[in-house]
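In: Structure, please.
(one chain, ligands or ions: 2)
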Amino acid sequence: MSSGAVWTSPTRDAIAGARSVVVKIGSAALTDLDDGLNLARLDRLADALEHRMRSGTDVIVVSSGAIGAGLAPLRLRKRPADLATKQAAASVGQLALAHAWGTSFRRYDRVVGQVLLTAHDISRRSHHANAQRTLDRLRSLGAVAVVNENDAVATNEIRFGDNDRLAALVAHLAGAEALVLLSDIDGLYDGDPRKATAGQPARFIPEVAGPEDLAGVIAGSGGSLGTGGMASKLASARLAADGGVPVLLAAAADADAALRDASVGTAFAPSGERLSARRFWLRHAAETHGRLVLDDGAVAAVGRRRSLLAAGIVAVTGVFSAGDVVELVDQRGELCARGVAGFATDEVTRMIGRSTGDLPADLRAPVVHADDLALL
Ligand SMILES: Nc1ncnc2c1ncn2[C@@H]1O[C@H](COP(=O)(O)OP(=O)(O)O)[C@@H](O)[C@H]1O
Ligand SMILES: N[C@@H](CCC(=O)OP(=O)(O)O)C(=O)O
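Out: Ligands and ions are numbered 1, 2, ... in the order given. Alright, predicted model coming up:
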């Protein structure tokens, strides 16, 4: 078991030294089924967050708990399964949640800004830039952003899914140097500790350097208030780590140590290169409008991060305008990249297979410029 252990590693050093951190706090850490929002726990979390901010780190909070906080006031006895009741609970609970964060940080004279995001706000470039600007300005004004999904208007089809994923997306959006996920469990185990027995105790995993460390791990569901359970935390950690952001998964009760020196919990090492917020958006968040089918030469060129020229395109599907995001696939339909189209569907259709020199002057440019490509 992990209890009491103090861990060190280069990943933990990176998290401890990060100048900007996104801290996600799960429902399980903030709310109780019967009593709703736990204000004492929220105060202890605000203490740890304020401490980290005073040491010079920019902090963005992604706070779950709206649905959990709305149950008791509406006299609901368990987390609802249907969308309408969840939305109603979230609209009641979000008000209480934002008020509680505001009241708690006021003890430090710290102002709180509430940022409620929908999946559309991340999937469209213009909206994405809006959210980025708001977060950035709150930071420069010394206020702490408290982010949540806008559950009252999110539908089953159009939503982030869970706040672990939202937090990884926000970490990239804000250019954060670390992501800290705080839950009711002190880190990752090889199986759900709630299901462990004395004969078969769950084994704590302090460090995840790559997929090999996850072999045999069973990521189970969450508690009665959580949404995604451990599976969504692992997916979030992978999303962040693949884009170069180290992740710490720890218990909210250990927030102090997690935010001070990252000496508790499970640390996930960054595996990929740090992507710009734009490339990350292209790769993971962008809504696509069409497909370009490439010949083998074009697939290889794009793989070397060269611009996509019309000569290498064999077919086009979908309807898009210049500036929309399109998928680039090979002739077997395998996805190889996403990119911003330089031309609209009808123009690309006229350009297919033609070398740049043969095209009319107004079409003599790459169909997708190398700067607008994200390899998958
Ligand atoms: N392999 C595992 N390691 C650790 N916890 C696990 C594992 N599988 C399932 N869990 C459960 O996941 C829960 C945390 O997920 P969840 O309830 O969704 O939290 P949150 O509300 O913080 O998002 C823990 O309480 C734990 O019982
Ligand atoms: N947006 C929802 C929480 C969604 C969610 O992912 O919850 P959790 O698994 O507790 O982080 C709410 O505020 O209730």
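
In: how about the residues of this protein near ligand 1?
Out: Proximity of the chain to ligand 1 (Cβ under 6 Å from any ligand atom) is limited to residues 26-29, 64, 183-185, 188-189, 191-194, 217-220, 222-223, 226-230. C-beta here means a position set from N, CA and C on the backbone, and glycine is covered the same way.

In: what's the closest non-adjacent residue to Asp184?
Out: Ala28 (3.8 Å; Cβ to Cβ, 6 or more residues apart in numbering).

In: quick one, what contacts that neighbour?
Out: Neighbour list for Ala28: 183-184, 222-223, 225-226 [criterion: Cβ atoms under 8 Å, 6 or more residues apart in numbering].

In: In strands, which of the residues of the chain next to ligand 1 appear?
Out: 183, 188-189 (DSSP state E).

In: And those, which is closest to ligand 2?
Out: Ser183 (7.7 Å; Cβ to the nearest ligand atom).

In: Tell me the pLDDT of the closest one.
Out: Note on Ser183: pLDDT of 95.

In: do the one 10 residues further on as well
Out: If you check Pro193, the pLDDT there is 91.

In: roughly how far apart are it and Leu33?
Out: Pro193 is 19 Å from Leu33, where distance means Cβ to Cβ, to the nearest Å.

In: ok and the residue in the stretch 251-376 of the chain nearest ligand 1?
Out: Using Cβ to the nearest ligand atom, Ala252 is the residue of the stretch 251-376 of the chain that sits closest to ligand 1, at 7.7 Å.

In: That residue and Gly216, how far apart?
Out: With the distance defined as Cβ to Cβ, Ala252 ends up 27 Å from Gly216.

In: hey, where'd the helices end up in this structure?
Out: For the chain, the helices defined by DSSP state H occupy 10-17, 27-30, 39-54, 66-71, 83-106, 119-123, 125-140, 163-173, 229-242, 255-260, 277-280, 296-303, 345-351.

In: hmm, who's touching the fourth one?
Out: Residues outside helix 66-71 that contact it (Cβ under 8 Å, 6+ apart) are 27, 30-33, 36-37, 76-80, 86, 88-94, 96-97, 100, 148, 151, 225.

In: please redo it, this time with the cut-off set to 7 Å
Out: In this structure, residues lying in contact with helix 66-71 by Cβ atoms under 7 Å, 6 or more residues apart in numbering are 27, 30-31, 33, 36-37, 79, 86, 89-90, 92-94, 96-97, 148, 151, 225.

In: residues in contact with His317?
Out: For residue 317 the amino acid is Thr, not His. 290-291.

In: where does the chain have low pLDDT?
Out: Along the chain, segments meeting pLDDT under 70 span 1-4, 157-158, 224, 226.

In: for stretch 288-301, how far is the first residue from the last?
Out: Separation of the first and last residues of stretch 288-301 by Cα to Cα, to the nearest Å is 21 Å.

In: buried set for that stretch?
Out: Under the neighbour-count criterion of 16 or more other Cβ atoms under 10 Å, stretch 288-301 has 288-295, 298-299, 301 buried.

In: One more: stretch 40-60?
Out: 41-42, 45-50, 52-53, 57-60.

In: Using CSV, lay out these together with distance to Met351.
Out: Supplementary listing: the buried residues of stretch 40-60 in CSV, determined by distance: Cβ to Cβ, whole Å:
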residue, distance to Met351
Arg41, 59
Leu42, 57
Leu45, 55
Ala46, 56
Asp47, 60
Ala48, 56
Leu49, 52
Glu50, 56
Arg52, 52
Met53, 52
Thr57, 49
Asp58, 45
Val59, 48
Ile60, 43
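
In: Keep only those of those that are also close to ligand 2.
Out: Filtering the buried residues of stretch 40-60 for proximity to ligand 2 by Cβ under 6 Å from any ligand atom leaves nothing.

In: Which pair of those residues spans the longest distance?
Out: Using Cβ to Cβ, those span at most 23.4 Å, a distance reached by Arg41 and Asp58.
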